[in-house]
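> Fold the following.
(chains A and B)
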Amino acid sequence: AQTVTQSQPEMSVQEAETVTLSCTYDTSESDYYLFWYKQPPSRQMILVIRQEAYKQQNATENRFSVNFQKAAKSFSLKISDSQLGDAAMYFCALGANNAGNMLTFGGGTRLMVKP
Amino acid sequence: DAGVIQSPRHEVTEMGQEVTLRCKPISGHNSLFWYRQTMMRGLELLIYFNNNVPIDDSGMPEDRFSAKMPNASFSTLKIQPSEPRDSAVYFCASSFQALPQETQYFGPGTRLLVL
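Residues are numbered from 1 along each chain as shown, chains lettered A, B, ... in the order given. Alright, predicted model coming up:
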């Protein structure tokens, strides 16, 4: 079974600053995939970034990047130059071959961006 | 591309009534997922289909819940009879293939309130 833990229920960042959201996971699989999804107030979940476990290089998507520490089973999301539109719930998720294409989601972190 | 379409967006009903939620996945996607989101339990996978066949329904809370996918472009989630504890946001998501690395695309959700 997979587990995903987000230990920060809420985070706050000043506009234009950088914030890091934490995520730890557990799986017995060697081949798996990690995702960060964003859920804005409109509620629709949107994929932010994805990381393949076999890749050592951290994924980046514009202002979003991850710090993937495989040995520590840690997958944090860094948001640079935070914008008001980044305010949302952020969910970390894990997909592994032994679970078909089912995703295991963390409990979420609510990010507030202060102007 | 219209994305995943869900209807209705909001549903208010009385305890004991039947509720039917509808989902149209992205054209060409072979996997479809139903999730439930509540404050207490977070995001839970209820059931998922691959090529219209239910693969895992272990998340379906009880016999009051049923889901069908009669064809590749339509799925329903039915609650009969509904109870106040079923109040939640129900999301439908689809992905291209039944592989863990596939991105799941979420619909806007149906907010259900059972009085």
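> need the contact list for residue A:37.
A:45, A:46, A:47, A:48, A:90, A:91, A:93, A:105, B:106 (CB atoms under 8 Å, 6 or more residues apart in numbering or on different chains). All C-beta atoms are positioned from the backbone trio N, CA, C, and that covers glycine.
> for the fifth one, what are its contacts?
Each residue near residue A:90 by CB under 8 Å, 6+ apart is listed here: A:6, A:21, A:36, A:37, A:38, A:39, A:48, A:77, A:108, A:109, A:110, A:111.
> Next, work out how far apart it and chain B are.
12 Å (CB to the nearest CB, to the nearest Å).
> for the third one, same thing?
For residue A:47, the distance to chain B (CB to the nearest CB) stands at 5 Å.
> so how many other residues sit close to that residue?
Neighbourhood size, residue A:47 [other CB atoms under 10 Å in any protein chain shown]: 15.
> How about it, nearest residue that isn't a chain neighbour?
Distances taken as CB to CB, 6 or more residues apart in numbering or on different chains put residue B:103 closest to residue A:47, at 5.1 Å, once the chain neighbours are dropped.
> ok, and the closest non-adjacent residue to whichever residue of chain B sits closest to chain A?
Proximity to chain A, evaluated over chain B using CB to the nearest CB, is greatest for residue B:100 at 3.4 Å. Once flanking residues are discounted, residue B:100 sits nearest to residue A:95: 3.4 Å by CB to CB, 6+ apart.
> Could you give the bridge partners of the one you found?
Residue A:95 has these beta-bridge partners by DSSP bridges: residue A:33, residue A:103.
> who's in contact with it?
With contact set as CB under 8 Å, 6+ apart, residue A:95 has these partners: A:32, A:33, A:34, A:35, A:101, A:102, A:103, A:104, B:100, B:101, B:102.
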